[in-house]
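compute the structure for the input listed below.
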Amino acid sequence: MPRSGYADLPLHYGKVPPWLAERMTKLGGAIVEALVLEYGKSEVLKRISDPMWFQAFGCVLGMDWHSSGITTSVMGALKRAINPLSKELGVYICGGRGKHSRQTPNELLRVADQTGLDGIALVRSSRLAAKIDNTAVQDGFQLYLHNFILTDKGEWAVVQQGLNDSTGMARRYHWHSAQFNSFLDEPHVGVCGENQGMILNLTDRNAMNTRHGMLNIAAEHPEKMLREIRQITMPRHHEVTVTDVNLKRLGAVLTLAHEMQTNNFESLLLLEGAGPRTIQSLTLVSEIIYGTPSRFNDPARYSFAHGGKDGHPFPVPLKVYDETIGILKTSIDRAKLGLGEKQQAIQKLSAMAQKIEKSFVPNPFFDEVLATERDNSYKYDGMTVMGKAQPPKLKNQQLKLF
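Numbers count the residues shown, from 1 in each chain. Predicted coordinates:
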């Protein structure tokens, strides 16, 4: 996995409605708890520092699949969910957007008092990460969000986002302390997005002479741009299209959820009561927890778990969302008591989907799948920022009025 990376995202405005923010907090917190139980707290930082996983994670939580709002909303939800459990999990989240980012040093010092960590060193790391992406790397993006995530062992990750006023794009940067040795010796794997011309990158090894020269008030620009690595540049179109997802992987998930009876699988009997639509969501949540990095190169696919607040690819199905949260939380609570059978059942969902994927042949019915999800959305209390999803007949009657 790369040491760090970035994502370019169309800038979105507006707020996450309370009905979604509350659920994002519950499900996001449950997923992090599951990761800590299964792999340990270091894995949480490793996942968060992977731009592809982070984007897929935001989609599972119901955010618009390609928007800049994923960063602020996901980190806000995680901070609300994790910090009350920090002593138990050993994970802390500091900072945020705007004025909240400026509170990061004070928050880190409080964490240091609680854990015995070196607060001064943590504050220095936070400031250096921000300075690197805002000043030492001059790529046209100015930071407006900074989150510092750390464990009680001192390992840390940074997620920060900058804005390019001229293009209307936001860029997200990811850091992981375990993956580099020096802030001034290529702490990033790459910081190039779409080619926007020459950039100034004083962390490149070719800029060593430049750095020394600047110390002597004789600055010199680096000659080469960094190679492009670990890039996500999200398209400007809001809807989810057939080109945005891996149809073979998505088809396997839908097949598992809708064409096979779950009671045919002994391992899924523990999830009795979960209907096909909830199994679909649980399978994608399972992959977020147990999947390998190579599984996250089409983040839009994960929006088929709980849709998106603006209705793309379909309205957020609140009943399904709440069932998913309930099942995952129950599995975590039982695992803490040494009863991990439900957790194992959820883990097997992603394994089953991958098994089906090997022989699944994609078909040309993507638009029909989307239409079905939208038509059925009202059955699951579907919601968007515009209001409740309506039955197809009522929607058609409303359209005829215009």
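
show the pLDDT at T372.
At T372, the predicted lDDT confidence score is 89.

next SSE after the strand or helix carrying it?
Using DSSP states H and E, T372 sits in helix 366-376. Later in the chain than helix 366-376, the nearest helix or strand by DSSP H and E is strand 382-384.

what residues does that next one touch?
17, 19-20, 307-311, 314-318, 388-389 (Cβ atoms under 8 Å, 6 or more residues apart in numbering). Placement of C-beta: from N, CA and C, glycine included.

6 Å instead, please
By Cβ atoms under 6 Å, 6 or more residues apart in numbering, the surrounding residues in contact with strand 382-384 are 311, 315-318, 389.

likewise stretch 305-313?
20, 60, 62, 64, 238-240, 281, 284, 303, 314-316, 321, 370, 384-385.

ok, 8 Å please
16-17, 20, 59-65, 238-240, 280-281, 284-285, 300, 303-304, 314-317, 320-321, 324, 370, 373-374, 377, 382-386.

tell me the average confidence for it?
87.

next up, the contacts around P17.
Counting by Cβ under 8 Å, 6+ apart, P17 has contacts 309, 383, 385.

and it, how far from G69?
In this view, P17 and G69 are 12 Å apart by Cβ to Cβ, to the nearest Å.

same check on H176?
Counting by Cβ to Cβ - H176 and G69 are separated by 23 Å.

what about R102, neighbour count?
Other residues lying near R102 total 11 when counted by other Cβ atoms under 10 Å.

can you check the pLDDT for it?
R102 is given a pLDDT of 93.

ditto for the one 10 residues further on
In this model, A112 is scored at 97, pLDDT.

give the closest residue to it in space, chain neighbours not counted.
Spatially, and ignoring its direct neighbours in sequence, A112 is nearest to G119 (3.0 Å; Cβ to Cβ, 6 or more residues apart in numbering).

same question, F54
I48 is the one closest to F54 (Cβ to Cβ, 6+ apart), at 6.1 Å.

phi, psi for A81 please.
phi -80, psi -40 (degrees, to the nearest 10).

now swap in Q390 and tell me
Dihedral angles for Q390 - degrees, to the nearest 10 - are phi -110, psi 150.

check it and give its pLDDT.
We have a pLDDT of 90 for Q390.

which non-adjacent residue is nearest it?
Y378 (5.9 Å).

correct me, but the one you found touches P391?
Yes: under the criterion of Cβ atoms under 8 Å, Y378 makes contact with P391 at 5.1 Å.

for those two, indicate the residue with more neighbours.
Under the neighbour definition other Cβ under 10 Å, Y378 and P391 were set side by side, and Y378 has more, 18 against 13.

so what's the more buried one up against?
Counting by Cβ under 8 Å, 6+ apart, Y378 has contacts 388-391.

which secondary structure elements does the longest helix seen in the chain contact?
The longest helix of the chain (DSSP state H) is helix 18-39. On a contact count with 3 or more Cβ pairs under 8 Å, 6 or more residues apart in numbering; DSSP states H and E, helix 18-39 meets helix 41-48, helix 51-60, helix 69-82, helix 86-89, helix 276-290, helix 318-336, helix 341-357.

kindly recompute the last result at 6 Å.
Other elements packing on helix 18-39 under the criterion 3 or more Cβ pairs under 6 Å, 6 or more residues apart in numbering; DSSP states H and E are helix 41-48, helix 69-82, helix 318-336.

report the angle between the shortest one and helix 276-290.
Angle of helix 41-48 versus helix 276-290, following axes from the mean of the first three to the mean of the last three Cα atoms, to 10 degrees, is 110 degrees.

likewise the second one?
Interaxial angle of helix 69-82 relative to helix 276-290 (the same axes, to 10 degrees): 80 degrees.

now what about helix 69-82, what contacts it?
With Cβ under 6 Å, 6+ apart as the test, helix 69-82 has contacts from 12, 16, 24-25, 28-29, 32, 58, 63, 91, 93, 97, 145, 147, 161, 172.

max pairwise distance over those: which two?
H12 and V91 (27.4 Å; Cβ to Cβ).

which one of the two is surrounded by more residues?
Ranked by neighbour count (other Cβ under 10 Å), H12 and V91 place V91 first, with 25 against 17.

roughly how far does the more buried one sit from I48?
10 Å.

shared neighbours, these two?
Common neighbours of V91 and I48, counting by Cβ under 6 Å, 6+ apart, are absent.

so which helix or strand takes in F148?
Going by DSSP H and E, F148 is in strand 142-151.

including mean neighbour count and distance to V123, could the helices and strands packed on helix 18-39 go into a markdown table?
Output for those, formatted as a markdown table (neighbours: other Cβ atoms under 10 Å; distance: least, Cβ to Cβ, whole Å):
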| stretch | mean neighbour count | distance to V123 |
| --- | --- | --- |
| helix 41-48 | 21 | 18 |
| helix 69-82 | 23 | 18 |
| helix 318-336 | 20 | 33 |
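
thank you kindly, that will do.
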